[in-house]
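1. How does the following fold in three dimensions:
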Amino acid sequence: MPAPRLTGGVRKRNARPTDMLDLPHPGPRLSGRRHGGWALEARELLRLGVPLAATQLAQMIILATDTAMLGHYSKDALAAAALGNTIYFLAWLLGSGLPFAVSPVIAHIQGEHATATRQRDRRPVRAAVRMGLWSVAIATPPLWLFLLFTRDILLALGENPHLAAGAAIFTSAIMAGLPFALGFQVLRSFSTALSRPLPSLVVMVLAILFNAVGDYGLIFGHFGLPQLGIMGAGLASAGSNLFSFAVMLAIMLTAKGLKDYRILHRLGRLHAATLAELFRLGLPIGMTMVFEVSLFNGATLAMGAFGTASIAAHQIAITIPSLTFMVPLGIGLAATVRVGMAAGAGDLKAARRAGFTAIGLGAAFMFMTAILILSFPRAIASLWLPDVAANNDVLALAVRFLYVAAAFQIADGMQVAASLSLRGLKDARMPMWLAGASYWLAGAPMCALLGFGLHMQGFGIWLGLAFGLFVAAALLTTRFVLLSKHPVAMEQ
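-> Here you go, the predicted structure:
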């Protein structure tokens, strides 16, 4: 995440298309010892973080495309796919910690090389990517097994049998793309750790088009393809994952500055120490994300107890912080690299500066979005639902929820930046426990107390979510302050 900098050069004329995705990479520079280091660090975080945030937004556009297409096909297909996507997303979260762990591992290696007098050795980086792909191959079969029980899981949760059956059809199709979705994250982590965020952004933009064409063809039966409805949506998403992985791999193997790592060289060779490190970091990373996402998913389910208006208002209001969250998330992903490179180079001052800068940038951006939300809550809600008399009940609730969203914006930006800065220090286990405590020992009980115990209904649920995020921000930021000051306390 924080510290070192990859300085740029002059782009050559007549550069190949793949070269345009490459940022010159002579070696990292640590800003911690430099005059004006805070400004330099902010520039580097934004240079890396803005494309990463755009990549996250592109992934949301793909999901929105699926939703829009299925909504025009049938409301039952839309509802079933939403349930199926919830189960699939849980499987993706459980598996994605391993690919995400590749980034801090490589960042530490890059930081170590930045201070070495000998020529840079690419073998440790190649081993990290290779074992990242191995970890995907190892994790995929149990995740597939989990997805095969989609219908049973949803029935156990009390969902409609007809919708549960449709959701199972959806997951049976989309699960084919799961290993490619996780493999893409491995390659993205590799590229990001080398401070090259553009390849993944370019790939995701192409994937938006590929997925839209696939949805249109396979859901509705256009372009000479069969009309498969909800299964077509799953197949289109799986195909999009395969497409993303294939294009990203092609870039990694041909782009200047990336192809030199020969990431597929000796792919079948085990590097046990690196694989073990990826599992040690990756499993807690995955569980950390599950703790947070499951609380918000649980809140959505809880809204069903308060009627249709509450559910609709919740869906409108939750979309706003989901969008604004992408920017501090991108900054946080950049912080993993910057902090990791600094920590690998042994420059603790640079690591702290990078982490604090990321937390500050995340909080500053979310402060601006909070002001915007507070100023125009009804106008924002009306972007999703027309402001007419028939919708007054939903819009009134959405406005109340948006006031709470504005209140927790800063905490949300701080907690994700702090969490991902800790990831740069290879600190994963304790943040997992802190996230679990914040969301499920603090946030969830507060949701239940205010929403049901004190009969505040949906507004109480939202206050509980805010409380969980405030606790997470306080605990994770404190953890980074203490851990970056005393590196001997870091997990080994």
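2. which stretches of the stretch 101-250 of the chain have low pLDDT?
-> Scanning the stretch 101-250 of the chain for pLDDT under 70 picks out 113-120.
3. can you give me the helices for it?
-> In the stretch 101-250 of the chain, the helices defined using DSSP state H, counting those that start in this stretch lie at 123-148, 150-156, 161-174, 178-193, 198-220, 230-254.
4. Most tightly packed of those helices?
-> Most buried of the helices of the stretch 101-250 of the chain by mean neighbour count (mean count of other Cβ atoms under 10 Å) is helix 178-193; its value is a mean of 26. Any C-beta I mention is one placed from the backbone N, CA and C, and that applies to glycine too.
5. Go ahead and measure how far that one is from the middle of the chain.
-> Mean-position distance between helix 178-193 and its chain equals 12 Å (Cα atoms, centre = their mean, to the nearest Å).
6. Report all helices and strands that it contacts.
-> Here helix 178-193 touches helix 37-73, helix 75-114, helix 123-148, helix 198-220, helix 230-254, helix 326-344, going by 3 or more Cβ pairs under 8 Å, 6 or more residues apart in numbering; DSSP states H and E.
7. In contact with residue 289: list those residues for me.
-> By Cβ atoms under 8 Å, 6 or more residues apart in numbering, residue 289 lies in contact with 93, 96-97.
8. Repeat the analysis, applying 10 Å as the threshold.
-> Contact analysis of residue 289 by Cβ atoms under 10 Å, 6 or more residues apart in numbering lists 90, 92-94, 96-97, 100, 419, 432, 435.
9. Okay, and it sits in which element?
-> Per DSSP states H and E, residue 289 falls inside helix 272-303.
10. Over to residue 363?
-> Per DSSP H and E: helix 348-375 holds residue 363.
11. before we move on, the earlier item: output the helices and strands packed on helix 178-193 as JSON lines; include the columns distance to residue 266.
-> Formatted as JSON lines, the helices and strands packed on helix 178-193 follow (distance: least, Cβ to Cβ, whole Å):
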{"stretch": "helix 37-73", "distance to residue 266": "29"}
{"stretch": "helix 75-114", "distance to residue 266": "17"}
{"stretch": "helix 123-148", "distance to residue 266": "7"}
{"stretch": "helix 198-220", "distance to residue 266": "23"}
{"stretch": "helix 230-254", "distance to residue 266": "15"}
{"stretch": "helix 326-344", "distance to residue 266": "24"}
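12. closest one to residue 166 among those?
-> helix 75-114 (2.9 Å; Cβ to Cβ).
13. chain center to the closest one, what's the gap?
-> Using Cα atoms, centre = their mean, the offset of helix 75-114 from its chain centre is 7 Å.
14. okay, the angle between it and helix 326-344?
-> 30 degrees (axes from the mean of the first three to the mean of the last three Cα atoms, to 10 degrees).
15. Identify each buried residue in helix 75-114, please.
-> 77-81, 83-88, 90-114 (16 or more other Cβ atoms under 10 Å).
16. Helix or strand next in line after the helix holding residue 289, which one?
-> Next along the chain after helix 272-303, taking DSSP H and E as the criterion, comes helix 308-324.
17. elements contacting that following helix?
-> Counting contacts by 3 or more Cβ pairs under 10 Å, 6 or more residues apart in numbering; DSSP states H and E, helix 308-324 is packed against helix 37-73, helix 272-303, helix 348-375, helix 377-381, helix 392-424, helix 457-485.
18. Comparing these, which comes out most buried?
-> With neighbours taken as mean count of other Cβ under 10 Å, the helices and strands packed on helix 308-324 reach their highest mean count in helix 392-424, at a mean of 25.
19. Show me how far it is from its chain's centre.
-> 16 Å.
20. Now do the contacts for residue 451.
-> Applying Cβ under 10 Å, 6+ apart, we find residue 451 in contact with 299, 302-303, 305-306, 310, 457-464.
21. For those residues, which two are the farthest from each other?
-> Checking the contacts of residue 451 with Cβ to Cβ, the most distant pair is 305 and 463, at 16.1 Å.
22. centre of the chain versus stretch 331-342, how much separation?
-> That offset, for stretch 331-342, works out to 15 Å (Cα atoms, centre = their mean).
23. What of stretch 215-227?
-> Here stretch 215-227 is found 30 Å from its chain centre; the criterion is Cα atoms, centre = their mean.
24. Show me what it is in contact with.
-> By Cβ under 10 Å, 6+ apart, the residues outside stretch 215-227 that reach it are 62, 65-70, 72-74, 77, 81, 173, 213-214, 228-237, 239-240.
25. Equivalent analysis for stretch 295-302, please.
-> The contact list for stretch 295-302 (Cβ under 10 Å, 6+ apart) reads 86, 89-90, 157-159, 290, 310-311, 314-315, 318, 321-322, 435-436, 438-440, 442-444, 447-448, 451-452, 457-458, 460-462, 464-465, 468-469, 472.
26. same thing but 7 Å
-> With contacts defined as Cβ atoms under 7 Å, 6 or more residues apart in numbering, stretch 295-302 is touched by 86, 314, 439-440, 443-444, 447, 451, 461, 465, 468.
27. residues in contact with the closest residue to residue 67 other than its chain neighbours?
-> Ranked by Cβ to Cβ, 6 or more residues apart in numbering and with sequence neighbours excluded, the top spatial neighbour of residue 67 is residue 78, at 6.7 Å. Residue 78 is in contact with 67, 70-71, counting by Cβ under 7 Å, 6+ apart.
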